[in-house]
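**Q** fold the following and give me the result.
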Amino acid sequence: MIEKRKTIKKKLLLLCIAGLLALGGCAEEGRTKETQTPEECAEYAMESLKKLDLEAFNECSDNYVETYRNWIGIPREKEYRLFGELQQPGLKRGKRYKTNYELAKKIVEKMSWEIEEVREEGDKAQIDLAITNRDMQNVAGELEIRILENMTESAGSGIGELIRNALNGAEIKSELISIIDGLKEDEICTMEVTLQAYQEKGQWKIHVSQELVNGVMGNMMADSYSEDVEKKIEEQMERYEDKMEEWGERVGEKWLE
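**A** This is a model prediction of the structure:
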């Protein structure tokens, strides 16, 4: 029974941090630029990301994937590979927009890059890029710890607290901003990324790969956290399981009365 509750809790917890994959940026008034070489294209793309000029970034990449429409053909959602949440049809600049923009800005504000080598062959090219950013590998893990702490300290089973967190995207992203702000100055990482570039109608564009997304996000999408963070998550999960045992016993006793 404990393992079943643990599995359910873990699935709900993942819903809380799923929004990390769809962070939004602010699309400034775009400026198009013809990129004559793969190196120019890569430099322009990274500059656009640094400024959160998503219109310009989309022009020099395959960031845009597809538009989903309702049954009468009105666009209801657009899919992008990177920074997509604030590029949706009919978006209003409310609290959610502002929070997502602040998080996106926080992610890229320390980002820098260096083009190391370009290998061009016909209408395709490979570009070796070193992206330096805050080391955000443990950011989502620290968020998990905070959510588990809230669940453990809340009344009842804590599932309601988890669902509330999952539904309140603005609050979750405010927590992420707080965690990123708490990183030390020397917590940085440099990731080696090989960009795939191609020519389309005479203009160079880059492919937005998972490798590039993770590099821009400071390794936030790593498969695992550090040993220390993994240990803290496990310890907090055990505290929550102990709480669930006690809560279950109390509920059972009241039911038998």
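
**Q** when you work out contacts or count neighbours from here on, use the C-alpha atoms and nothing else.
**A** Will do.

**Q** what's the nearest residue to C60 if we skip its chain neighbours?
**A** Nearest non-adjacent residue to C60, counting by CA to CA, 6 or more residues apart in numbering: K205, 4.7 Å away.

**Q** just checking, the one you found touches C41?
**A** Yes - shown here, K205 and C41 form a contact pair, counting by CA atoms under 8 Å, at 6.3 Å.

**Q** now the phi/psi pair for E79, please.
**A** Backbone torsions of E79, given as degrees, to the nearest 10, read phi -100, psi 130.

**Q** name the residues that touch the helix or strand hosting N214?
**A** Here N214, judged by DSSP states H and E, is contained in helix 210-216. With CA atoms under 8 Å, 6 or more residues apart in numbering as the test, helix 210-216 has contacts from 81-82, 107-108, 111, 131-133, 191-195, 220-222.

**Q** narrow those to those that are buried.
**A** Using 16 or more other CA atoms under 10 Å as the burial test, the contacts of helix 210-216 include 81-82, 107-108, 111, 131-133, 191-195, 220-221 as buried.

**Q** show me which of the residues you listed is closest to G122.
**A** L195 (15.7 Å; CA to CA).

**Q** what are the bridge partners for the closest one, then?
**A** I127 (DSSP bridges).

**Q** just to revisit the earlier point, how about the CA coordinates for the helix holding N214, as PDB?
**A** Output of helix 210-216 as PDB, limited to C-alpha atoms (Å, rounded to 0.1, in the frame of the first residue of the first chain):
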ATOM      1  CA  GLN A 210      17.200  18.600 -26.700                       C
ATOM      2  CA  GLU A 211      20.900  19.100 -26.200                       C
ATOM      3  CA  LEU A 212      20.600  22.800 -27.100                       C
ATOM      4  CA  VAL A 213      17.500  23.200 -24.800                       C
ATOM      5  CA  ASN A 214      19.400  21.700 -21.900                       C
ATOM      6  CA  GLY A 215      22.400  23.800 -22.500                       C
ATOM      7  CA  VAL A 216      20.400  27.000 -22.600                       C
END
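
**Q** let me see the mean pLDDT of it.
**A** What helix 210-216 shows for mean pLDDT is 95.

**Q** buried set for it?
**A** E211, L212, V213, N214, G215, V216.

**Q** among those residues, list the two that are farthest apart in space.
**A** Between any two of these, the greatest separation by CA to CA is 8.8 Å, found for E211 and V216.

**Q** tell me how many other residues crowd R134.
**A** Burial of R134 is recorded as 26 neighbouring residues (other CA atoms under 10 Å).

**Q** mind checking pLDDT for the residue lying closest to it once chain neighbours are set aside?
**A** The shortest distance from R134 to any non-neighbouring residue, by CA to CA, 6+ apart, is to I188 (4.2 Å). Note for I188: predicted pLDDT of 96.

**Q** can you give me the distance of I188 to K50?
**A** 17 Å (CA to CA, to the nearest Å).

**Q** quick one: low-confidence parts of the stretch 1-150 of the chain?
**A** 1-35, 86, 90-95 (pLDDT under 70).

**Q** okay, helices next: where are they in it?
**A** For the stretch 1-150 of the chain, helices defined by DSSP state H, counting those that start in this stretch occupy the ranges 2-17, 38-51, 54-59, 95-108, 139-153.

**Q** could you dump those into TSV with distance to G73 added?
**A** Output for those, formatted as TSV (distance: least, CA to CA, whole Å):
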stretch	distance to G73
helix 2-17	29
helix 38-51	31
helix 54-59	23
helix 95-108	25
helix 139-153	37
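
**Q** among the ones you listed, show me which one is buried the most.
**A** Comparing the helices of the stretch 1-150 of the chain by mean neighbour count (mean count of other CA atoms under 10 Å), helix 54-59 comes out on top with a mean of 23.
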